[in-house]
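Peer 1: can you look at this prediction? I've put the sequence above it.
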Amino acid sequence: MSESAGPLLVVDGVSVRFGALIAVNRVSLSVGRREIVAIIGPNGAGKTTLLNAVSGFYQPYEGTIAFEGRDRTRLSPPDVAALGIARTFQNVALFKGMSVLDNIMTGRLLKMSGSFLLEALYWGPARRQELEHRAFVERIIDFLEIQAIRKTPAGRLPYGLQKRVELARALAAEPKLLLLDEPMAGMNVEEKEDMCRFILDVNQEFGTTIALIEHDMGVVMDISDRVVVLDYGRKIADGVPAEVRRDQAVLDAYLGVAHA
Amino acid sequence: MVDLLYAVAVAPFKDMAGAPAFLIEVLIGGVFAGLMYSLVALGFVLIFKASGVFNFAQGVMVLFAALTLVGLLERGAPVVVALALTTVVMVALAFAIERLVLRPLVNQAHIILFMATIGLNFFLEGFGEMVWGANVKKLDIGIPDRSFIVRGVQINQLELTAALTAAVLVTVLAVFFQRTRIGRALRAVADDHEAALSIGIPLKTIWIVVWSVAGVVAIVAGLMWGAKSGVQFSLSLIALKALPVLILGGFESVPGAIVGGLIIGVGEKLGEVYWGPLVGGAIENWFAYALALAFLLARPQGLFGEKIIERV
């Protein structure tokens, strides 16, 4: 079997610099297959920067990133996507003019085979292929309970639903690794509970490995298998939620003030 | 006062009803011109949709394509070979523009990219004339500029060929970009670059495709206009006629470019023939801009443009 034993994602000593500012400083972490790993830390700790480095939007200044045991440190975002890494954005990045259905279908572009240009000519097979993909997308729509809004332009949806559609688009690519940048930011309690349930379901039913950035500590402790804590660009803790919760460095940097 | 009202609001329509065959000729002339405007406008729309860039150089691309075509024909190349070579040149141009202009300017403000296309405009104009010379040239592609008569309506063969070609091209492009996967990718890129990248759409490919298509559209426009009125610098000015078309149709709408072109083509011909004598003619020259101005006041997003609603 091709399912090798090592972790799915290995980040080794990665730094990202913007001029003199070192946003991520020699961070190493790994994400095992089927794991849910949360990356937490105060504002400006470098969480999103790290995510951007993994998804190819930033190039690391030093260090390596390996996916499925192969080095992929310097790839462009489309190449990273082609490896099977999908992501969502902190400030929802949907195609606002398109319907929800089209947004999610767009997420499946990589799964569609054949040459870009020939496709316009082969009407029959292209049409059949379109229908197959459509069926898969409908399953995701059912799964995330967004049937009612499938024809609505994404830009008109309330924020919480936009986040859900963005998750649906990422899932449409059938990713091996799903990167979620604050999937619950700006949501009310009920929406957060829904989103937690979806993340757990995705992990269990599709076997998708998930790395997520989140601020809501309750959520993080509930759904993660493991928590990595960043502060000022450095990793200060890494372990199961119960451990991290008791870690003195973490309490000082992040939770200490809140629990004082 | 009553006389004036009669002359403006009644007499032209009586004229139309009085000579239906002539009215049809005028309408056909308008549709022909309109399709050609649509074709040029389409070049703008494609690039604007994919990259948010208003390509100031589209008109010069038409001139450049026509110059290349004429130059090759003058050197004895058969029409088919000349067309194929011109296509190769325009696609090569698309690659060059992506590599030398767009890629270094990625993530820059739209105005910067717009300025870059102004530079491209001057470069292409100078380069085209340097290579092919600045004289007015006759473009002969073997379609005679003759007319024939169907049921009392006079139809120009060259105009008919041009209109049919434009109609076919416009339809093919509309289907290609509305219904295919690449069309969806194109719309995705137009909406959000980052999100498009993250789901695996290579911006590079999309840009090369749209600039190539804009180049091919420029060839057809240059071919048709050039055959009619000669290949010369003024060819690049038909881009100015495409502007009102874009304002009418909306900058991001392929059907809008088609409908807008037809409205302007037919409108200006009707205005010229039936209302022109009242003001001493030349309505054809300003009709499009007056209509565009009215649209800017009443419906700035155009007929088919997306109404921009910002959440606050």
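Peer 2: Perfect, thanks for sending it.

Peer 1: ok, the closest residue to A:N25 other than its chain neighbours - contacts?
Peer 2: In this structure, A:N25 finds its nearest non-sequential neighbour in A:G233, 4.0 Å apart by Cβ to Cβ, 6 or more residues apart in numbering or on different chains. Using the backbone N, CA and C atoms, a C-beta is placed for each residue, glycine as well. When contacts are counted by Cβ atoms under 8 Å, 6 or more residues apart in numbering or on different chains, A:G233 touches A:15, A:22-25, A:27, A:45-46, A:49.

Peer 1: what about stretch B:47-62, how long is it end to end?
Peer 2: 15 Å (Cα to Cα, to the nearest Å).

Peer 1: roughly how far apart are B:Q58 and chain A?
Peer 2: 22 Å (Cβ to the nearest Cβ, to the nearest Å).

Peer 1: most centrally placed residue in chain A?
Peer 2: A:L179 (1.5 Å; Cα atoms, centre = their mean).

Peer 1: who does the host helix or strand of that residue touch, helix- and strand-wise?
Peer 2: A:L179 is part of strand A:177-181 when elements are defined by DSSP states H and E. On a contact count with 3 or more Cβ pairs under 8 Å, 6 or more residues apart in numbering or on different chains; DSSP states H and E, strand A:177-181 meets helix A:47-54, strand A:85-87, helix A:159-172, strand A:209-213.

Peer 1: mind checking these for the one nearest to A:V10?
Peer 2: helix A:47-54 (10.6 Å; Cβ to Cβ).

Peer 1: how distant is that closest one from the center of its chain?
Peer 2: 10 Å (Cα atoms, centre = their mean, to the nearest Å).

Peer 1: state the mean pLDDT of that helix.
Peer 2: Helix A:47-54 shows a mean pLDDT of 90.

Peer 1: kindly report the same for stretch A:216-236.
Peer 2: 87.

Peer 1: over to stretch A:95-105?
Peer 2: pLDDT averaged over stretch A:95-105 gives 85.

Peer 1: now it, how far from the chain's geometric center?
Peer 2: Taking mean C-alpha positions (Cα atoms, centre = their mean), stretch A:95-105 and its chain are 19 Å apart.

Peer 1: contacts for it next, please.
Peer 2: Residues contacting stretch A:95-105 (Cβ under 8 Å, 6+ apart): A:94, A:106, A:133-134, A:137, A:140-141, A:146, A:149-155, A:157, A:165, A:168-169, A:172, B:184, B:187-188, B:190-192, B:195-196, B:306.

Peer 1: let's see it at 6 Å
Peer 2: Stretch A:95-105 is contacted by residues A:94, A:137, A:149-155, A:165, A:168-169, A:172, B:188, B:191-192, B:306 when judged by Cβ atoms under 6 Å, 6 or more residues apart in numbering or on different chains.

Peer 1: start to end distance for it?
Peer 2: In terms of Cα to Cα, the two terminal residues of stretch A:95-105 are separated by 11 Å.

Peer 1: repeat that for stretch A:198-216.
Peer 2: First-to-last residue span, stretch A:198-216, Cα to Cα: 16 Å.

Peer 1: equivalent analysis for stretch A:67-81, please.
Peer 2: Span of stretch A:67-81 from end to end, Cα to Cα: 12 Å.

Peer 1: and the contacts of it?
Peer 2: Everything outside stretch A:67-81 that qualifies as a contact, by Cβ under 6 Å, 6+ apart, is A:4, A:6, A:9, A:55-57, A:59, A:64-65, A:83, B:197-200, B:202.

Peer 1: let's see if you can find the most crowded of the residues you listed.
Peer 2: Highest neighbour count within those, by other Cβ atoms under 10 Å in any protein chain shown: B:S198, with 28 neighbours.

Peer 1: setting the sequence-adjacent residues aside, check what's closest to the residue of the stretch 201-312 of chain B at minimum distance from chain A.
Peer 2: Using Cβ to the nearest Cβ, the closest approach of the stretch 201-312 of chain B to chain A is made by B:P202 at 4.5 Å. Of all residues not flanking B:P202 in the chain, A:P78 sits nearest, at 4.5 Å (Cβ to Cβ, 6+ apart).

Peer 1: for that neighbour, grab phi and psi.
Peer 2: For A:P78, the backbone dihedrals (degrees, to the nearest 10) come out as phi -60, psi -30.

Peer 1: that one - how many residues pack around it?
Peer 2: 20.

Peer 1: quick check, pLDDT for it.
Peer 2: 86.

Peer 1: now it: how far from A:R127?
Peer 2: According to Cβ to Cβ, to the nearest Å, A:P78 and A:R127 sit 26 Å apart.

Peer 1: likewise for B:V79?
Peer 2: Counting by Cβ to Cβ, the gap from B:V79 to A:R127 is 36 Å.

Peer 1: per-residue confidence for whichever residue of the stretch 101-250 of chain A sits closest to chain B?
Peer 2: Nearest to chain B, among the residues of the stretch 101-250 of chain A, is A:L110, at 4.2 Å (Cβ to the nearest Cβ). With respect to pLDDT, A:L110 has a value of 75.

Peer 1: what sits against it?
Peer 2: With Cβ under 6 Å, 6+ apart, A:L110 has these contacts: A:82, A:173, B:200.

Peer 1: what about 8 Å?
Peer 2: A:81-82, A:173, B:199-200.

Peer 1: and if you look at B:V81?
Peer 2: Here B:V81 is in contact with B:L72 (criterion: Cβ under 8 Å, 6+ apart).

Peer 1: on that earlier part again, among the contacts of A:G233, give me the pair with the biggest separation.
Peer 2: A:S15 and A:A45 (14.1 Å).

Peer 1: and the strands in the stretch 1-150 of chain A, which stretches?
Peer 2: Applying DSSP state E, counting those that start in this stretch to the stretch 1-150 of chain A gives strands spanning A:9-18, A:21-31, A:36-40, A:62-67, A:70-71, A:85-87.

Peer 1: what's the neighbour count on A:S30?
Peer 2: Neighbours around A:S30, by other Cβ under 10 Å: 17.

Peer 1: quick one, what contacts it?
Peer 2: By Cβ under 8 Å, 6+ apart, the neighbours of A:S30 are A:7, A:9-11.

Peer 1: swap in B:L63?
Peer 2: So B:L63 contacts B:124-125, B:128, B:222, B:231, B:233, B:235-236 (Cβ under 8 Å, 6+ apart).

Peer 1: so which of these is the most crowded?
Peer 2: Ranking the contacts of B:L63 using other Cβ under 10 Å puts B:G222 first, with 30 neighbours.

Peer 1: thanks again, I'm all set now.
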